[in-house]
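S.K.: got a sequence here, can you model it:
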Amino acid sequence: MTTDVINDQSEHDSHDGGHHDHKMTGLKRWLYTTNHKDIGSMYLWFSFIMFLTGGAMALVIRAELFQPGLQIVEPDFFNQMTTVHGLIMVFGAIMPAFTGLANWMLPMMVGAPDMALPRLNNWSFWILPFAFAILLSSFFMESGAPNFGWTFYAPLSTTYSNGSTAFFVFAVHIMGISSIMGAINIVVTIMNMRAPGMTYMKMPLFVWTFFITAYLLIAVMPVLAGTVTMVLTDTYFGTSFFDAAGGGDPVMFQHIFWFFGHPEVYIMILPAFGIVSTTIPAFSRKKLFGYSSMVYATASIAFLSFIVWAHHMFTTGMPLFGELFFMYCTMLIAVPTGVKVFNWAATMWRGSISFETPMLFSIAFVILFTIGGFSGLMLAMTPVDFQYHDTYFVVAHFHYVLVTGALFSIFAGAYYWLPKWTGYMYNDTLSKWHFWCSLVSVNLLFFPMHFLGLAGMPRRIPDYALQFADFNKWVSIGGFAFGLSQLIFLVLVIKCIKGGEKAPAKPWDGAEGLEWTVASPAPYHTFTTPPKID
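M.R.: Below is the predicted model of the structure:
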């Protein structure tokens with residue numbers, strides 16, 4: 001009897017997404033699928049839809065800031081836009097995109113038939129659309145959407161919040177549950193389902209970065225859950241965790257939030273390191289330079305990310321020792337990050353480089369992410385952070401890290417693997433248009449923000465002084481150009497799925513000696529023999 005049950009179970013969980021005797025079709029296939037490729041595809045489509053949704057909100061912000069004065073939206077609605085834009089881009093666009101890439105590629109890279117927990121995988125995806133439906137539904141309520149910034153500082157999110165705080169808290173809880181389940185799945189798959197002979201130090205760097213990121217997620221998501229729960233009880237149940245009148249402390253909110261929030265920003269960038277560590281060696285026709293140092297650098301970044309959280313809080317009146325500690329630790333995190341950048345440069349050095357679209361996005365990633373790193377180093381210095389804090393300089397910094405960083409790496413990965421996913425080559429001309437339009441417009445969008453911030457323009461305001469008008473006009477033009485550029489990508493992906501030139505077995509084998517990263521005894525060798533260079 002028991003054996004029959006086990007056989008039935010294994011038959012249901014077989015990774016074709018259904019029973020052996022018939023495949024589910026239509027909507028049922030996607031609702032019930034336990035196939036890692038299907039779930040990966042759903043994550044990627046969901047994140048792209050959320051990316052366009054959050055992008056539309058950014059365009060509302062930029063339209064309002066095109067010139068001084070209040071033109072289009074009320075200040076309260078402007079704040080709702082900044083809040084929900086941030087939440088959607090972080091939890092709805094970047095994180096699910098990386099989870100989608102992990103779902104698609106991890107089992108194949110470690111030589112596993114599927115993810116370790118296929119049904120958990122299905123569930124962790126399908127609760128996400130409901131979380132964002134709850135969040136977005138608040139726009140249609142009398143009180144309006146959350147208006148206290150994506151960092152929901154108390155007492156803005158408690159004492160002074162509008163009626164949608166409960167919906168926001170519930171939505172964040174569901175997103176967190178999804179992230180934790182996805183992370184557990186990644187850890188269990190990597191630890192238990194690697195191919196024979198694949199030791200930890202033979203795993204592709206892509207696998208390593210997701211492995212470390214998954215541990216970060218499991219560690220910090222419960223902290224976020226605790227934070228939002230305290231916000232909920234402060235708002236509706238009369239507690240006073242963050243209310244000084246009841247013996248609480250609003251600054252404690254910032255400590256708890258950033259203890260989650262700082263590792264979170266590394267959760268959004270470590271997988272990006274894994275992707276470019278896959279694409280750069282492939283298009284340089286060389287082994288990745290310094291494999292083990294890359295692994296140790298990733299682990300160091302993950303460890304240090306837990307002890308730098310208060311660099312977001314230099315202006316809260318910390319003791320001098322606290323400021324010094326967090327300043328030096330934050331500067332220290334630049335060391336392993338610098339190791340990575342030098343290793344990517346060394347990988348390309350004297351390689352036989354070809355500039356296909358994934359490589360273009362990867363090179364742009366390295367250069368522009370480094371700019372974001374340098375502005376981060378400036379923000380790490382306590383005395384000058386007093387000037388930069390809460391200005392557009394900070395906005396410029398984290399958008400360089402997350403847009404030209406995380407997002408560009410996702411594009412690099414998507415272009416790199418699209419031929420494998422769909423079986424067809426994408427339109428090369430369209431992909432180049434997408435790259436160059438994105439590259440020019442993203443710099444027009446975010447680079448002038450550095451100057452606005454240094455000149456003292458505060459963030460999260462719908463109106464501003466006249467002297468900021470010229471830069472804001474160009475920033476808004478860049479914003480709309482960048483938004484429209486992403487429609488090229490949408491068209492390209494749909495065309496690629498529908499058909500076109502059949503992808504060869506090794507899509508990037510244009511030059512002699514390039515092989516796909518697959519689970520082989522030495523999987524991080526993305527080459528057979530480097531071509532001779534005269």
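S.K.: give me the next element, helix or strand, following whichever strand or helix holds K340.
M.R.: K340 belongs to helix 334-348 when assigned by DSSP states H and E. For helix 334-348, the following helix or strand on the C-terminal side (DSSP H and E) is helix 357-380.
S.K.: and that following helix with helix 334-348, angle?
M.R.: Interaxial angle, helix 357-380 versus helix 334-348 (axes from the mean of the first three to the mean of the last three C-alpha atoms, to 10 degrees): 160 degrees.
S.K.: quick check: mean pLDDT across helix 357-380?
M.R.: Helix 357-380 carries an average pLDDT of 97.
S.K.: show me which positions of it end up buried.
M.R.: 357-366, 368-373, 375-377, 379-380 (16 or more other C-beta atoms under 10 Å). From N, CA and C alone the C-beta is placed, and that goes for glycine too.
S.K.: all helices for the stretch 201-350 of the chain, in order.
M.R.: Under the criterion DSSP state H, counting those that start in this stretch, the stretch 201-350 of the chain contains helices at 205-236, 250-267, 270-284, 291-304, 320-332, 334-348.
S.K.: residues touching whichever strand or helix holds L136, excluding its own?
M.R.: Taking DSSP H and E as the definition, L136 sits inside helix 118-137. Applying C-beta atoms under 8 Å, 6 or more residues apart in numbering, the contact partners of helix 118-137 are 13, 15, 31-36, 39, 42-43, 46, 50, 53, 84, 87-88, 91-92, 96, 99, 103, 115, 145-146, 167-168, 170-172, 174-175, 177-179, 181-182, 184-185.
S.K.: swap in stretch 432-441?
M.R.: Residues contacting stretch 432-441 (C-beta under 8 Å, 6+ apart): 357, 360-361, 364, 408, 411, 478-479, 481-482, 484-486, 488-489, 492.
S.K.: most widely separated two among the residues you listed?
M.R.: The distance between the two most remote of the contacts of stretch 432-441 (C-beta to C-beta) is 22.9 Å, for T357 and G479.
S.K.: what's the distance between the closest residue to F98 other than its chain neighbours and M95?
M.R.: Ranked by C-beta to C-beta, 6 or more residues apart in numbering and with sequence neighbours excluded, the top spatial neighbour of F98 is P271, at 4.2 Å. If you measure P271 against M95 using C-beta to C-beta, to the nearest Å, the figure is 9 Å.
S.K.: which regions of the stretch 1-150 of the chain lie under the pLDDT threshold?
M.R.: 1-22 (pLDDT under 70).
S.K.: recalculate using a threshold of 80.
M.R.: Applying pLDDT under 80 to the stretch 1-150 of the chain flags residues 1-24.
S.K.: and the helices in it?
M.R.: Ranges of helices within the stretch 1-150 of the chain are 2-12, 26-32, 36-64, 75-87, 95-110, 118-137, based on DSSP H, counting those that start in this stretch.
S.K.: P504: which of those is closest?
M.R.: helix 95-110 (17.7 Å).
S.K.: mind checking how far the closest one is from the chain centre?
M.R.: Centre-to-centre, helix 95-110 and its host chain are 13 Å apart (C-alpha atoms, centre = their mean, to the nearest Å).
S.K.: same deal with stretch 350-359?
M.R.: With C-alpha atoms, centre = their mean, you get 24 Å for stretch 350-359.
S.K.: can you get me the start-to-end distance on that stretch?
M.R.: One end of stretch 350-359 to the other measures 15 Å (C-alpha to C-alpha, to the nearest Å).
S.K.: ok, now which ones touch S179?
M.R.: S179 makes contacts with F91, M95, T99, S124, L217, M221, as judged by C-beta under 8 Å, 6+ apart.
S.K.: how near is the third one to K498?
M.R.: So that's T99. In terms of C-beta to C-beta, T99 sits 26 Å off from K498.
S.K.: so if I had to pick from those two, which one is more boxed in?
M.R.: T99 (32 against 9; other C-beta atoms under 10 Å).
S.K.: just the buried residues of stretch 201-215, please?
M.R.: Buried residues in stretch 201-215, counting neighbours by 16+ other C-beta under 10 Å, are found at 202-215.
S.K.: so what's the gap between that stretch and the chain middle?
M.R.: That offset, for stretch 201-215, works out to 16 Å (C-alpha atoms, centre = their mean).
S.K.: what mean pLDDT does it have?
M.R.: Rounded mean pLDDT across stretch 201-215 is 97.
S.K.: could you list the residues in contact with it?
M.R.: In contact with stretch 201-215 (C-beta under 8 Å, 6+ apart) are residues 98, 102, 105-106, 109-110, 182-184, 186-187, 190, 194, 266-267, 270-271, 273-275, 277-278, 288, 291-292, 294-295, 298-299, 302, 517, 521-524.
S.K.: the same query, at a cut-off of 7 Å, please.
M.R.: The contact list for stretch 201-215, computed with C-beta atoms under 7 Å, 6 or more residues apart in numbering, reads 102, 105-106, 109-110, 183, 186-187, 190, 267, 270-271, 273-275, 277-278, 288, 291-292, 294-295, 298-299, 302, 517, 522-524.
S.K.: re earlier: any idea which of the helices of the stretch 1-150 of the chain is most buried?
M.R.: helix 95-110 (a mean of 26; mean count of other C-beta atoms under 10 Å).
S.K.: quick one: that one to helix 250-267, angle?
M.R.: 40 degrees.
S.K.: for helix 95-110, C-alpha coordinates in PDB please.
M.R.: Extracted as PDB, the C-alpha positions of helix 95-110 are listed here (Å, rounded to 0.1, in the frame of the first residue of the first chain):
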ATOM      1  CA  MET A  95      13.800  39.700  -6.900                       C
ATOM      2  CA  PRO A  96      11.300  37.500  -8.800                       C
ATOM      3  CA  ALA A  97      13.500  37.900 -12.000                       C
ATOM      4  CA  PHE A  98      16.500  36.500 -10.200                       C
ATOM      5  CA  THR A  99      14.300  33.700  -8.700                       C
ATOM      6  CA  GLY A 100      13.100  33.000 -12.300                       C
ATOM      7  CA  LEU A 101      16.700  32.700 -13.600                       C
ATOM      8  CA  ALA A 102      17.600  30.500 -10.600                       C
ATOM      9  CA  ASN A 103      14.600  28.200 -11.300                       C
ATOM     10  CA  TRP A 104      15.500  27.900 -15.000                       C
ATOM     11  CA  MET A 105      19.300  27.500 -14.700                       C
ATOM     12  CA  LEU A 106      20.200  26.100 -11.300                       C
ATOM     13  CA  PRO A 107      19.000  22.500 -11.800                       C
ATOM     14  CA  MET A 108      20.700  22.300 -15.200                       C
ATOM     15  CA  MET A 109      24.000  23.800 -13.800                       C
ATOM     16  CA  VAL A 110      24.200  21.400 -10.900                       C
END
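S.K.: which strands and helices sit next to it?
M.R.: Secondary-structure packing of helix 95-110 (3 or more C-beta pairs under 7 Å, 6 or more residues apart in numbering; DSSP states H and E): helix 36-64, helix 165-192, helix 205-236, helix 408-422.
S.K.: chain center to the second one, what's the gap?
M.R.: Taking the mean of its C-alpha atoms, helix 165-192 sits 14 Å from the chain's own mean (C-alpha atoms, centre = their mean).
S.K.: likewise for the last one?
M.R.: Helix 408-422 sits 15 Å away from the centroid of its parent chain (C-alpha atoms, centre = their mean).
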